[in-house]
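1. model this:
(one chain, ligands or ions: 1)
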Amino acid sequence: MTNYEKICLKSKELDVKKQRAVLKFINELSKNDTDTDLSEPSERSPEPEHLKPCPHCHTDNVKKAGFERGKQRFQCKVCGKHYVTTTGTIMENSHYGAKVWETVAADTLEENVSLDKTAEKAGISHNTAFNMRHKILLVLEAKKKKETTKISGISELDETYVLECEKGKKFDENAPREPRKHGAVASKRGISDEQICIMTGVQRGGAVYAETVNRAHPSNEEIKLAFKEHIAPGTIAFTDGLKGYKCLETAVDCVIESVPNDKQKTTGTVNLNNVNGFHSHIKDKYKHYRGVATKYLNRYNALFQTVEIGSFAITNLSVQNSGLLIV
Ligand SMILES: [Zn+2]
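-> Got it, this is the predicted structure:
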């Protein structure tokens, strides 16, 4: 076997490992006790099957109780309830096994894979792939809602806009405009009510926050509503020229510094490079998805936050993966 073949083989193994890590991460989030430590999900060894704790009362005091549709069944000695290995995970009540979920979960978190490609890889229909992906996104959205992301230290705030999209919705003949084709541009110039505003905050070297708030430019009230709970007091936040951000100074006791246009891309401390980078990432993904229905934007925001923050096993594994190429 040549070195190249060894590397390919090793990469393939890592791919499987990565897929498993992603599914484990999602499953950890979807368990009833979602107080999950997200920092090192890949470090924890998988629970041995005979020790799967009760998903209802969380005790280890359980026993095996036969099989249910091929899955090990358990009974809790404390609360008496029966459950299987997938109870309390995203795979609960699913017709599909871990392998299919692993593929869909990894592709979703990797962001660059189309649903058709995922469907083909996993041997499922486009609709099934869509439903599974959205189940995963819902788990991420629930986590986003539950854990109030707070940015602090030196941060950058800005808003970005995506075209309104009614993808997947049957054309309504009373709609104010013709449905837009893929890659089409807005019919109105500038920022209009055809544009959905996503407010974003990036802490340098830290947390990331994205929330869809409205159409067109946000009002002061909307800025306050979007960021109030998500900026720690004492934060120094750089923004562009939009004056509305100033209202956050009294709302959260932070400092808002407006960055002049010519300094927005400099290498000095005063710049908006991080938040601009995050916007490029969002735009790039939307181009790749060929639009996302507006009603799903916050689910995708949760995905972007998860991926961008990197508090996720895939980051470590990707590093290992790329490390292999240097061997
Ligand atoms: Zn129990």
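
2. CA atoms for contacts and neighbours, from now on please.
-> OK.

3. With adjacent residues omitted, what lies nearest to Ser121?
-> No, residue 121 isn't Ser; it's Lys. Leaving out its chain neighbours, the residue that sits closest to Lys121 by CA to CA, 6 or more residues apart in numbering is Thr103, at 7.5 Å.

4. let me redo that: Asn61
-> Here the residue nearest Asn61, using CA to CA, 6+ apart, is Lys77, at 5.8 Å.

5. Please look at the one you found and His58 and confirm they touch.
-> No. Lys77 sits out of contact with His58 when judged by CA atoms under 8 Å, with a separation of 11.1 Å.

6. residues shared between the contacts of those two?
-> Residues touching both Lys77 and His58 (CA atoms under 8 Å, 6 or more residues apart in numbering): there are none.

7. circling back: report the contact partners of the residue nearest to Asn61.
-> For Lys77, the set of contacting residues under the criterion of CA under 8 Å, 6+ apart consists of 61-63.

8. neighbours around Ala105, how many?
-> Counted with other CA atoms under 10 Å, residues neighbouring Ala105 total 28.

9. So Val307: helix, strand or coil?
-> Secondary structure, DSSP: H, G, I helix; E, B strand; the rest coil: Val307 is helix.

10. Which strand or helix spans the residue nearest to Lys121?
-> helix 98-110 (DSSP states H and E).

11. Of the contacts of Lys77, select the buried ones using a ChimeraX command.
-> The following ChimeraX line selects those of the contacts of Lys77 that are buried, judged by 16 or more other CA atoms under 10 Å:
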select :62,63
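
12. got CSV for the contacts of Lys77, with distance to the ion too?
-> Supplementary listing: these in CSV, determined by distance: CA to the ion, whole Å:
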residue, distance to the ion
Asn61, 8
Val62, 8
Lys63, 11
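
13. and Lys81, what is it in contact with?
-> By CA under 8 Å, 6+ apart, the neighbours of Lys81 are 56, 75.

14. ranges for the helices of the stretch 201-327 of the chain?
-> 220-227, 248-252, 273-289, 297-309, 313-326 (DSSP state H, counting those that start in this stretch).

15. looking at those, which is buried most?
-> With neighbours defined by mean count of other CA atoms under 10 Å, none of the helices of the stretch 201-327 of the chain is more surrounded on average than helix 297-309, at a mean of 21.

16. With only the CA atoms kept, save that helix in PDB.
-> Coordinates of the C-alpha atoms in helix 297-309 are reproduced here as PDB (Å, rounded to 0.1, in the frame of the first residue of the first chain):
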ATOM      1  CA  LEU A 297     -33.900  31.800   8.600                       C
ATOM      2  CA  ASN A 298     -33.500  31.600  12.300                       C
ATOM      3  CA  ARG A 299     -32.900  27.800  12.100                       C
ATOM      4  CA  TYR A 300     -30.100  28.500   9.800                       C
ATOM      5  CA  ASN A 301     -28.900  31.300  12.000                       C
ATOM      6  CA  ALA A 302     -28.600  28.700  14.700                       C
ATOM      7  CA  LEU A 303     -26.500  26.600  12.400                       C
ATOM      8  CA  PHE A 304     -24.200  29.500  11.500                       C
ATOM      9  CA  GLN A 305     -23.700  30.300  15.100                       C
ATOM     10  CA  THR A 306     -22.900  26.700  15.900                       C
ATOM     11  CA  VAL A 307     -20.400  26.300  13.100                       C
ATOM     12  CA  GLU A 308     -18.900  29.800  13.400                       C
ATOM     13  CA  ILE A 309     -18.300  29.500  17.200                       C
END
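
17. Could you give the separation of it from the chain centroid?
-> Averaging C-alpha positions (CA atoms, centre = their mean, to the nearest Å) puts helix 297-309 3 Å from its chain's average.
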